[in-house]
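Chemist: Pasting a predicted model and its sequence here:
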Amino acid sequence: MDILIKGTIVPVTGPEDVIRDGVVAVRDGEIVYVGRLDGLNDFSADKIFGGAETAVLPGLVNAHTHAAMTLFRSYADDLPLMKWLEEAIWPLENRLKAADVYWGTLLACVEMLLGGTTTFADMYFFMNEVAAAVQESGMRASLSRGLIGYGPNAGEALAESREFILEWHGKAGGRVSCMLGPHAPYTCPPEYLKKVAETAAELGVGVHIHVAETRQETAEIRKQHGCSPVELLAGCGLLDVQVLAAHCVHVSPGDIEILAKKGTAVAHNPESNMKLASGIAPVTDLLGAGVTVGLGTDGAASNNNLDMLEEMRSAALLQKVAREDSMALPAYTALEMATIGGARALGLGQVIGTIETGKRADLVLVDLRKPHFYPPHDVVAHIVYAARAGDVHTVLVDGKVVVDAGQVLTVNVETVLDNVRESARGLVGKPKERSLL
Ligand code: NI
């Protein structure tokens, strides 16, 4: 299948690299040409998408989420992280069944695809169902089973992770990859983290973990271990494998140096951090030190949507206000974080994240013929500061059209919504006062 995409191409290979009236040619899922139409030879398209007022972007990468937590969206809001987790989320998660996770994940996939997200890094449980939902939706994902290192099931969970990785890593036509998912330094003891690092090295996969999300966590680790969470992970040898560290809100300049030296990637989640009042990650400092930073929504329960276009805007605005510096995180940097930054953070930097020949065709077409995009002075500024999920028109993953004219083609959305409502009813017991379940 040969597909031709027309529009203003934003390849995210450099801030000035925008091709007006350009084309992207896709053959068998691979990008084979990017440039002006007159430079394209020997290509007869089976299908053509886009047009004069279309922006073409690399697929967005949601570098940290818990997809099935869509089930808890609006169930418990306006609480601090630990109270939210211990009193609202964890009790519900204890009641989750495999089918709930399947439908919750499929809902997340549909929502993400409609907003231009083509890849996500997920940490949850019932991962076979998560992988099945990813496969069905046509998305790309890096999946990790969440591991709690304390308690009687810790060893079994690690064994299950190994089985999951052996079964799914590289599957779904290469769209699914896997990582190990120790939840956090405060839920996994150092001995356990060492085992995780050894297993990751043995299986040749990365590690996805929450790090230094709250001030309380950092203080607790210091009290127990006499060091910071980042130092603790480095001491366990965990940072010697490829690590995707979600949050890194409360990190010191010394921690940042360690992250940079070890090549640890960070997933920044500005809206979740704001909503749970966790603090502001020092993104400008992390980037300045050479750390790879991707962008994530975290779970829908703490966001409350999975809109990566909105997340870019939040990331840029939050750094600006935190540093009282309007140049602290420019639009183009936010776009890089949401595309190639996230791709690198997931170990997929050679495969996706930019529009370049040889890469897989994960592409997003945004319709610019809208009042909030007029006049079109700057396409990158428009995407970061003015666009929202509903502006996405067409989405390709691995060269396959999965969204067209704002409609998901791979999954019946009505069926997903009905099943999610049933799951949510079953989970909550007595509905809240404002519930519409
Ligand atoms: Ni998280």
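Modeler: Looks like it arrived, so ask away. Since the structure is predicted, the reported quantities are computational estimates derived from the model, not experimental observations.
Chemist: how far is stretch 85-94 from where the chain is centred?
Modeler: Computed by C-alpha atoms, centre = their mean, to the nearest Å, the chain-centroid distance of stretch 85-94 equals 23 Å.
Chemist: Need the contact partners of that stretch.
Modeler: Residues outside stretch 85-94 that contact it (C-beta atoms under 8 Å, 6 or more residues apart in numbering) are Met69, Leu71, Phe72, Tyr75, Ala76, Leu79, Ala301, Leu427, Val428. Yep, even glycine has a C-beta here, placed from its N, CA and C like the rest.
Chemist: Save these as TSV, and put in distance to Gly104 and pLDDT too.
Modeler: Shown next, in TSV, are these (distance: C-beta to C-beta, whole Å; pLDDT from 0 to 100):
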residue	distance to Gly104	pLDDT
Met69	7	97
Leu71	4	97
Phe72	8	96
Tyr75	12	94
Ala76	15	92
Leu79	20	89
Ala301	10	95
Leu427	10	94
Val428	13	90
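Chemist: mind listing which of those are in helices?
Modeler: If you go by DSSP state H, the contacts of stretch 85-94 have Leu427, Val428 in helices.
Chemist: from the contacts of stretch 85-94, which would you call buried?
Modeler: Taking 16 or more other C-beta atoms under 10 Å as the criterion, what is buried in the contacts of stretch 85-94 is Met69, Leu71, Phe72, Tyr75, Ala76, Leu79, Ala301, Leu427, Val428.
Chemist: Which of the residues you listed sits closest to Gln350?
Modeler: Checking the buried ones among the contacts of stretch 85-94 against Gln350 by C-beta to C-beta gives Met69 as the nearest, at 30.0 Å.
Chemist: I'd say the closest one and Asn304 touch.
Modeler: No - at 9.8 Å, Met69 does not count as touching Asn304 under the criterion of C-beta atoms under 8 Å.
Chemist: hmm, back to that, going by distance to Leu276, which of the contacts of stretch 85-94 wins?
Modeler: Nearest member of the contacts of stretch 85-94 to Leu276, counting by C-beta to C-beta, is Leu79, at 7.9 Å.
Chemist: Return the distance of the residue nearest to that closest one when sequence neighbours are not counted relative to Ala67.
Modeler: Leaving aside its chain neighbours, Leu79 sits nearest to Ala88 (6.6 Å; criterion: C-beta to C-beta, 6 or more residues apart in numbering). Using C-beta to C-beta, to the nearest Å, we find Ala88 at a distance of 18 Å from Ala67.
Chemist: So if I had to pick from these two, which one is more boxed in?
Modeler: Ala67 (31 against 16; other C-beta atoms under 10 Å).
Chemist: Return the helix or strand in the protein with minimum mean pLDDT.
Modeler: helix 81-83 (a mean of 86; mean pLDDT, DSSP states H and E).
Chemist: What residues of that one count as buried?
Modeler: With burial defined by 16+ other C-beta under 10 Å, the residues of helix 81-83 counted as buried are Leu81.
Chemist: So which residues make contact with it?
Modeler: Helix 81-83 is contacted from outside by Glu213, Thr214, Gln216, Leu276, Ala277, Ser278, using C-beta under 8 Å, 6+ apart.
Chemist: Can you get me a residue count around the first one?
Modeler: What that stands for is Glu213. Glu213 has 27 nearby residues by other C-beta under 10 Å.
Chemist: show me what contacts it?
Modeler: Counted by C-beta under 8 Å, 6+ apart, Glu213 has contacts Leu81, Ala184, Ala246, His247, Val249, His250, Asn273, Ser278.
Chemist: Kindly report the same for the second one.
Modeler: With contact set as C-beta under 8 Å, 6+ apart, Thr214 has these partners: Leu81, Met82, Val249, His250, Leu276, Ser278, Gly279.
Chemist: nearest to Asn41, of those?
Modeler: Distances from Asn41 to the contacts of Thr214, taken by C-beta to C-beta, are shortest for Val249, at 50.4 Å.
Chemist: Show the model's pLDDT score for that closest one.
Modeler: On the pLDDT scale, Val249 is placed at 98.
Chemist: Please verify my assumption that it contacts Asn273.
Modeler: Yes - look at Val249 against Asn273 with C-beta under 8 Å: they come within range, at 5.8 Å.
Chemist: Name the SS class of the residue most central in space within the chain, please.
Modeler: In the chain, the centroid-proximal residue (C-alpha atoms, centre = their mean) is Asn62; its distance is 1.7 Å. Put simply, Asn62 is strand when judged by DSSP: H, G, I helix; E, B strand; the rest coil.
Chemist: wait, isn't it in contact with Thr297?
Modeler: Yes - with contact defined as C-beta under 8 Å, Asn62 counts as touching Thr297 (5.6 Å).
Chemist: anything in contact with each of those two?
Modeler: The contact lists of Asn62 and Thr297 share Leu306, Met308, Glu311, where a contact means C-beta under 8 Å, 6+ apart.
Chemist: contacts for the helix or strand containing Asn128?
Modeler: Element membership for Asn128 (DSSP states H and E) is helix 127-137. With contacts defined as C-beta under 8 Å, 6+ apart, helix 127-137 is touched by 67-68, 98-99, 101-102, 105-106, 109-110, 113, 122, 124, 140-141, 143-145, 164, 167-168, 171-172, 175-176, 402, 408, 410-411.
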